[in-house]
Structure formats: C-alpha cells, structure tokens
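Q: whatever this is, show me its structure:
(one chain, ligands or ions: 3)
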Amino acid sequence: MSKNILILPGDHIGPEIMAEAVKVLEVVNRQFSLDLNLEYGLLGGAALDATGVPLPEETLSRARQADAILLGAVGGPEWDKVEAALRPEKGLLGLRSALELFGNLRPALLYPQLAAASSLKPELVAGLDILIVRELTGGIYFGEPRGIRTLENGERQGYNTYVYSESEIRRIGHLAFNLARARDRRVCSVDKSNVLEVTVLWREVMEEVAKDYPDVELSHMYVDNAAMQLVRAPKQFDVLVTGNMFGDILSDAAAMLTGSIGMLPSASLDKNGRGMYEPCHGSAPDIAGQGIANPLATILSVAMMLRYTLNQPEAAAAIESAVSQVLDAGLRTADIWAEGDSRVSTTEMGDAVLRALES
Ligand code: NAD
Ligand code: IPM
Ligand code: MN
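A: Ligands and ions are numbered 1, 2, ... in the order given. Below you'll find the model as predicted:
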C-alpha cells in the first residue's frame, strides 16, 4: 500500500539540504519499490510569510495523515522580532506537541573517515557511538505558566516553568531502555537532581523503570558533569536519556564529536513509532544560499525514517553505506573538510550519494 511522506523544507538552508535528501529518497523509493508518495507543506518562517502563521492548519492536518514527516530546518534572524507565539520555531514545537512526538533519538556516530574532522583527538572519538534520547514534548519548553510580566516596582521579569509528570518521565525511560537493549545495554540518565525537584522525580522514576530491565545498567549523572564528560571521554556513554532542554544542548555538543553538526540526524517518535525526521542542526542563515551546507544529516534522517517508521532496514542500510562510500572517496562539504580532501558543494554531495546508491 502506498505511503505518504510529508516534506517540510522550512527556511534558509532547509530547502537546500532537503532537495538532496529528496533525491536520495526518490532513488530508494524506486530501487526498493517502496511505493512512497511525497507531498510538500509549509512550516516555520516560510509558512508565516505565506499564511501569517508558522504552523498552518493545512500543514497540521496533512502531518496527522502522513505516514512520516521529513523536515529541513526552520527559523532565521528576519523573524527575530515576531511575537513569541508566531515565531518559526513555534511552528516546529507545535507540530512536535500536536503529534505527541515525545521521543527524540539523536545518534552521535563517528564515521571513521571523519576522525580528523572531530574537534577531539582521534583516539578519544574512534568508534564513538552514542544515542541521546531526548524528551521532546515536555519540560521547560512547554511548562506553564510562562511569559514576561511587569513587577510592582515596574521592572520586567521573564519566567518559565520546568515540569515533568511521572507518566512523561516513564514513557521516555521505557523508550531509552528498550533502545539500549539493541545496543550496549547501558543507560545514563542526565539530570540536575542536586538542585531541581523536577529532576529529583526524574531520577526516582528512572530507577523504577530500570526494574523492568534487569539486563540494562542504569547510571545517573548531573548535566554539568555530563557536558564535561562528553568532551573528556565521550566513549564511556552508550544511551543518554534526558529532558528536553538538557538534550537539546548536549546533542549539539555531541554533534561536534562526530565532525560537524551537519552530520547528525534525528528521529522524533510517538508512542506508535510514527515520526518526524530532521537533522539536529538549524537553518544556518550564515551559510544559506552559498551551496555549501552539508546535506548528510538530512540524508541520514531519511535512513532513520526508513528504519524506524517505514520498516525498511535494507533501504536504510543502503543509504548509510552510500554515505560511507562517499566519505571513503574523500568527498567533503566545507564543514567536514580537511587538508587533502576534495571539497564539494551541497548538490555535489547529494549527487555523490546518489551515484553510490546506484552503483
Ligand atoms: P544552526 O544549527 O542553524 O547553526 C549553527 C552553526 O552550524 C552555524 O555556523 C551553521 O552555519 C552551522 N551549520 C548548521 N548546519 C549546518 C550544515 N548542514 N552544514 C554546515 N554547517 C552547518 O544554529 P543557530 O545558528 O543557532 O540557529 C539558526 C536558526 O535555526 C535559528 O532561527 C534557530 O532557532 C533555528 N534552529 C532550528 C532548528 C530546527 O529547525 N530543528 C534547530 C536548531 C536551530
Ligand atoms: C532543535 C532546535 C529546536 C529545539 C528549536 C528550533 C525549537 O534547537 O531541534 O534542536 O530547541 O528543540
Ligand atoms: Mn537544538
């Protein structure tokens, strides 16, 4: 039966990297007879400019009907002055929340060919394979009350609320432990339970969840130490599970261990494994329009979509192996380029992945 994939290119480099990911998706669609039907929608700044809102009703209803969603990136400085509720990022957050995409998988995997591009010494990152499991629809990103208010003395005060309910912690915990079973069976839960009550509860609930997985080892770490350990000795980690904001920050740091944020894909899953797939990076306005953005994070997000939602592990593996072949051949976009490599543009990188797939 035909499956609908909703493509949301977004802003700045979003459309540039998406064009390459779509080329790849179309080739595997043919090669593996996947019967995928691609449709396009507006999200973020592009949607705001065209319709007045960052998440139009039409996009939301198509997203609900789609079998999977592929997203580029949203946002940019031209929308910085827009009121908070209409910012491009609100469109993305609204979509994650409406579809209950609570489970964000961010695998930081070092392709051995890129050891020299990592900001850490090669011996610290050789063989790196970390999975960050970030809670995506709760925590301080969504807690109420929130806003900016004026105090009696006339001074303004900004405030947000960091909340997690037991059920939210439990479901992300189960996801992390289940994923650990297919890996090295070690979960490190990252919190700030020495200061924040919400994460005292987080730690307690993780301990409870762990009882269902006697074959998986659970450890705990404070987030400040976790940030330090990630750049000191990242290979100590297998699965990291953490809340929305800590996961956002730690995954950008982990990205750099793999050579570039342009390499890190992600999956955002609901309880049935339906999902949205996107690179971890943003819309990179500083390099938009130059044809130099790395499309591999988005191309690897296509592979995650094939693996996690569409149940096509062979097609996923074909893409991952094509990426590896291209790196073997020394082709690099600017962000992962080192002396002796061949420098390629966004489009040339996409074309090289296509050639590897077709060879
Ligand atoms: P960013 O991730 O867009 O860029 C950070 C740095 O990494 C920049 O120097 C950029 O050039 C570089 N970079 C990012 N992706 C790259 C790629 N594929 N290839 C090569 N270099 C790449 O983060 P930012 O600059 O803080 O944010 C820019 C905008 O993107 C903001 O509006 C932000 O809100 C938004 N954003 C969106 C998402 C998303 O849509 N999921 C994620 C993060 C940030
Ligand atoms: C990400 C981004 C988003 C987040 C923003 C754009 C809302 O940084 O996907 O990592 O903070 O979740
Ligand atoms: Mn982020």
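
Q: Ala267: what's it in contact with?
A: Gly103, Asn104, Leu105, Gly275, Met276, Tyr277, Ser301, Met304, Met305, Tyr308, Thr309 (Cβ atoms under 8 Å, 6 or more residues apart in numbering). (C-beta placed from N, C-alpha, C; glycine too.)

Q: sorry, slip of the keys, the one I care about is Val53.
A: Ala47, Leu86, Gly91.

Q: so which of the residues you listed sit within strands?
A: Assigned to strands by DSSP state E, none of the contacts of Val53 qualify.

Q: most neighbours among the residues you listed, which one is it?
A: If you count neighbours using other Cβ atoms under 10 Å, the busiest of the contacts of Val53 is Gly91, which has 27 neighbours.

Q: got the contact list for Val24?
A: Shown in contact with Val24 (Cβ under 8 Å, 6+ apart): Ile299, Val302, Ile319, Ala322, Gly350, Val353, Leu354, Leu357.

Q: what about the helix or strand where it lies, near ligand 2?
A: Secondary structure assignment for Val24, by DSSP states H and E: helix 13-31. No. Remark: helix 13-31 sits outside contact range of ligand 2, by Cβ under 6 Å from any ligand atom, the gap being at least 11.4 Å.

Q: quick one: buried residues of that helix?
A: 13-25, 27-29 (16 or more other Cβ atoms under 10 Å).

Q: residues in contact with the next helix-or-strand element following it?
A: The C-terminal neighbour of helix 13-31 among helices and strands, as given by DSSP H and E, is strand 36-40. For strand 36-40, contacts defined as Cβ under 8 Å, 6+ apart pick out 2-9, 22, 25-26, 29, 62, 66, 310.

Q: give me the buried positions along strand 36-40.
A: Leu36.

Q: quick one: mean pLDDT for that strand?
A: For strand 36-40, mean pLDDT rounds to 98.

Q: and what of stretch 293-308?
A: Mean predicted confidence for stretch 293-308 is 98.

Q: again, but for stretch 2-15
A: Taken as a whole, stretch 2-15 has an average pLDDT of 98.

Q: now do the same end-to-end measure for that stretch.
A: One end of stretch 2-15 to the other measures 25 Å (Cα to Cα, to the nearest Å).

Q: go on, stretch 235-251?
A: So stretch 235-251: terminal residues 14 Å apart, Cα to Cα.

Q: look up phi and psi at Leu70.
A: With angles defined as degrees, to the nearest 10, Leu70 sits at phi -120, psi 120.

Q: does it touch Leu300 like I think?
A: No. Using Cβ atoms under 8 Å, Leu70 makes no contact with Leu300, being 11.7 Å away.

Q: enumerate the beta-bridge partners assigned to Leu70.
A: Ile7, Tyr277 (DSSP bridges).

Q: these two touch, right, Leu230 and Ile249?
A: No. Using Cβ under 8 Å, Leu230 is not in contact with Ile249; the gap is 10.2 Å.

Q: which one's more surrounded, the two?
A: Leu230 (23 against 14).

Q: now the contacts of Ala267: which count as buried?
A: Gly103, Asn104, Leu105, Gly275, Met276, Tyr277, Ser301, Met304, Met305, Tyr308, Thr309.

Q: nearest to Pro265 among those?
A: Distance to Pro265, by Cβ to Cβ, is smallest for Ser301 among the buried ones among the contacts of Ala267, at 3.9 Å.

Q: so what's the gap between the helix or strand that closest one falls within and the chain middle?
A: For Ser301, the host element (DSSP H and E) is helix 296-308. Here helix 296-308 is found 10 Å from its chain centre; the criterion is Cα atoms, centre = their mean, to the nearest Å.

Q: specify the local secondary structure of the residue in the chain positioned nearest to ligand 2.
A: Closest approach between the chain and ligand 2, counting by Cβ to the nearest ligand atom: Glu89, at 4.0 Å. Following DSSP: H, G, I helix; E, B strand; the rest coil, Glu89 is assigned to helix.

Q: the residue in the stretch 251-359 of the chain positioned nearest to ligand 1: what's it in contact with?
A: In the stretch 251-359 of the chain, the residue that lies nearest ligand 1 is Gly282 (2.3 Å; Cβ to the nearest ligand atom). Residues counted as contacts of Gly282 (Cβ under 8 Å, 6+ apart) are Ala73, Val74, Gly75.

Q: confirm it sits in a strand?
A: No. Counting by three-state DSSP, Gly282 is located in no strand; its state is coil.

Q: for Met276, which non-adjacent residue is closest in space?
A: Leaving aside its sequence neighbours, Met276 sits nearest to Ile69 (Cβ to Cβ, 6 or more residues apart in numbering; 4.1 Å).

Q: the helix holding Val24 to helix 296-308, inter-axis angle?
A: Put simply, helix 13-31 runs at 40 degrees to helix 296-308, going by axes from the mean of the first three to the mean of the last three Cα atoms, to 10 degrees.

Q: anything in the helix holding Ser301 near ligand 2?
A: No. Under the criterion of Cβ under 6 Å from any ligand atom, ligand 2 is not reached by helix 296-308; the shortest gap measures 11.4 Å.

Q: perfect, I'm done here.
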